[in-house]
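Trainee: Quick one, structure for this:
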Amino acid sequence: MTGPVAAPAVRIAPRSGAVLAVASVAGLMMLCWPLLLRVPEGSRVDPPFVFVALLPVVLAVVLAELNEGGLDPRVLAVLGVLSAVNAILRGISPGTAGVELTFFLLILAGRVFGAGFGFVLGCTSLFASALMTAGVGPWLPYQMLCAAWVGMGAGLLPRRVTGRAEIAMLAAYGVAAAYLFGLFMNLSGWPFLTGIEVAGHAGSLSYVAGAPVLDNLHRFVVYTLLTSTGSWDTVRAVTNAVAIVVLGPAVLTTLRRAARRATVTGSVTVTAR
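Mentor: Prediction:
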């Protein structure tokens with residue numbers, strides 16, 4: 001049984017929240033732009049190397065703003081420890097067949113420390129794990145962004161929910177986050193794959209530049225359902241739910257104890273003699 005839920009341990013200033021919102025909208029546009037592109041049908045669309053270069057800059061601006069607005073040295077120490085733990089978890093469970101332990105800790109930390117901390121932890125965890133596992137590539141900024149959204153979303157969940165209901169809510173969120181992570185990561189690469197044909201489906205599922213939005217969206221949804229939803233994403237969802245249900249109460253208690261120690265504030269009273 002977990003204790004009562006208080007306000008997030010790390011609050012973000014209104015300006016930092018605005019920067020976070022703008023960066024999230026920009027990241028979403030960087031993922032969805034092929035669906036909105038208007039070019040002659042059948043034209044070639046190359047990978048957006050400008051976006052790949054720009055996205056880390058956007059993330060760096062957000063991290064700098066959040067650091068200035070509410071991450072003091074004690075909270076940064078907690079962030080470093082959790083980032084290292086998450087990187088190790090990803091190293092020992094690198095997503096083989098969808099089994100990935102990174103997200104359950106990210107969700108629990110975002111729940112305790114808040115949306116801003118969850119966003120930063122998502123970025124740093126994926127970056128650190130990529131360095132450890134030689135996973136650096138053009139996909140990394142998108143992985144960092146999507147993981148950041150997972151942590152941020154956990155910090156935005158209703159705070160009045162406690163006890164077993166809280167664990168159930170977090171487990172359900174872990175399932176939804178697993179499917180959305182897979183969806184967005186598919187979207188980051190699908191428009192640039194050619195000749196996509198899946199057994200059991202007649203016709204190509206490749207992106208067609210200039211085609212109507214709904215047509216491309218239909219092809220993408222079918223592609224995702226047939227290639228990842230029923231396999232990788234489902235195993236990731238089950239992993240998240242089981243880890244949160246089994247380990248969630250103990251981990252939440254530990255994180256809340258660390259949060260109290262990391263965010264203790266006090267005052268000094270001077271007594272005249």
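
Trainee: Assign Asp160 to helix, strand or coil.
Mentor: Asp isn't right for residue 160; it's Arg. Under the three-state scheme (DSSP: H, G, I helix; E, B strand; the rest coil), Arg160 adopts coil.

Trainee: Got phi/psi on it?
Mentor: phi -80, psi -10 (degrees, to the nearest 10).

Trainee: Can you report how many residues lie near the nearest residue to Val78 once chain neighbours are set aside?
Mentor: Leaving aside its sequence neighbours, Val78 sits nearest to Ala262 (C-beta to C-beta, 6 or more residues apart in numbering; 5.1 Å). C-betas here are computed from N, CA, C, even on glycine. Ala262 sits with 19 neighbouring residues when counted by other C-beta atoms under 10 Å.

Trainee: Please verify my assumption that Ala262 contacts Ala77.
Mentor: Yes. Contact criterion C-beta atoms under 8 Å: Ala262 and Ala77 qualify, at 7.2 Å.

Trainee: List the residues that contact the residue nearest to Val78.
Mentor: Counting by C-beta atoms under 8 Å, 6 or more residues apart in numbering, Ala262 makes contact with Ala9, Arg74, Val75, Ala77, Val78.

Trainee: name the element the fourth one belongs to?
Mentor: Looking back up the chat, that one is Ala77. Using DSSP states H and E, Ala77 sits within helix 73-92.

Trainee: That helix - contacts with which helices or strands?
Mentor: Counting by 3 or more C-beta pairs under 8 Å, 6 or more residues apart in numbering; DSSP states H and E, the packing neighbours recorded for helix 73-92 are helix 102-113, helix 115-133, helix 234-262.

Trainee: Deepest-packed of these, please.
Mentor: Mean neighbour count, computed with mean count of other C-beta atoms under 10 Å, is highest for helix 102-113 among the helices and strands packed on helix 73-92, reaching a mean of 28.

Trainee: Torsion angles phi and psi at the nearest residue to Ala115 once chain neighbours are set aside?
Mentor: For Ala115, ignoring the flanking residues on the chain, the nearest one in space by C-beta to C-beta, 6+ apart is Gly155 at 3.3 Å. Main-chain dihedrals, Gly155, degrees, to the nearest 10: phi -70, psi -10.

Trainee: hang on, isn't Gly155 packed against Ile107?
Mentor: No. Look at Gly155 against Ile107 with C-beta under 8 Å: they stay out of range, at 9.4 Å.

Trainee: in the stretch 101-250 of the chain, what spans have low per-residue confidence?
Mentor: Residue ranges of the stretch 101-250 of the chain with pLDDT under 70: 134, 194-195, 197-202.

Trainee: related to what we said a few turns ago, report the buried residues of the helix holding Ala77.
Mentor: Within helix 73-92, the residues that count as buried by 16 or more other C-beta atoms under 10 Å are Val75, Val78, Leu79, Leu82, Ser83, Val85, Asn86, Ala87, Leu89, Arg90.

Trainee: returning to what we had before: can you pick out the most distant pair from the contacts of Ala262?
Mentor: For the contacts of Ala262, the farthest-apart pair by C-beta to C-beta is Ala9 and Ala77; their separation is 13.2 Å.

Trainee: Tell me who's in contact with the most centrally placed residue in the chain.
Mentor: With distances taken as C-alpha atoms, centre = their mean, Ala147 lies nearest the centre of the chain, 1.9 Å away. Ala147 makes contacts with Thr102, Phe103, Leu106, Gly122, Cys123, Ser125, Leu126, Phe181, as judged by C-beta under 8 Å, 6+ apart.

Trainee: I'm done for today, thanks for sticking with me.
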